[in-house]
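1. Turn this into a structure:
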Amino acid sequence: MAKTPTYSIPLGFEAPAFALPDVISGKTITLEDVKGEKGTVVAFICNHCPYVKHMIDAFVEVAQEFMPQGIGFVAINANDVSRYPDDAPDKMLLFAQQHRFPFPYLFDESQEVAKAYFAACTPDINVFDAGLKCVYRGQFDASRPGNNIPPTGEDLRKVLHALCEGGSIPKEQIPSIGCNIKWKEGNEPEYFKV
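-> Have a look, this model is predicted:
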């Protein structure tokens, strides 16, 4: 379990477009399909990562709270399923059903979307404003497996409250930490090799 932080890039970049299969509905889902009126959360996760398992139910609770307020949510799995079969689409569907995802769970088989978002770890969380400009790339909260802090989504909630209520986005953004994305052999992005 390699502890990998979010890759740091300047905020303000525009959310890259995507069109990926949703394991829940069987449909191809685009960024426009999930975009929220007030903001959008794009999270890179997977099924087997202990960091994701630790926070996923709290993440679903945050989504259930903020989706009705105009925040779009989507989760994307980009792991190499040939080496990590627990992250295959059929297992993704079971994971989504088990945790009652109210948002699409997309499979990025080519890993090109993960690269476009400079994703490095699971969970890797990006928040975009109403104009799809990135305003947050940070941790869900300070909870980690084994540190005895319950997952609440405190850091993400502050950002989403600000987007919904017209407040200012927190300047201090602590990178997420999780398992590294399982890149296909020879497909590791340059930023990940640093």
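2. Quickly note the distance from residue 112 to residue 24.
-> Using C-beta to C-beta, to the nearest Å, residue 112 is found at 21 Å from residue 24. C-beta coordinates here come from the backbone N, C-alpha and C atoms, glycine included.
3. Compare the two (neighbour count), which wins?
-> residue 24 (18 against 15; other C-beta atoms under 10 Å).
4. which residues does the more buried one contact?
-> By C-beta atoms under 8 Å, 6 or more residues apart in numbering, the contact list for residue 24 reads 93, 96, 97, 101, 104, 105.
5. SS state for it?
-> Applying DSSP: H, G, I helix; E, B strand; the rest coil to residue 24 yields a three-state assignment of coil.
6. Centre-most residue in this structure?
-> The residue lying closest to the centre of the chain (C-alpha atoms, centre = their mean) is residue 43, at 0.9 Å.
7. Tell me the bridge partners for that one.
-> Beta bridges link residue 43 to residue 75, residue 125 when assigned by DSSP bridges.
8. What ranges does the protein have for its helices?
-> Assigned by DSSP state H, the helices in the chain fall at 31-34, 50-66, 89-98, 112-116, 154-165, 190-193.
9. out of these, which comes closest to residue 148?
-> Smallest distance to residue 148 across the helices of the chain (C-beta to C-beta): 11.6 Å, for helix 50-66.
10. What mean pLDDT does the closest one get?
-> Across helix 50-66, pLDDT averages out at 97.
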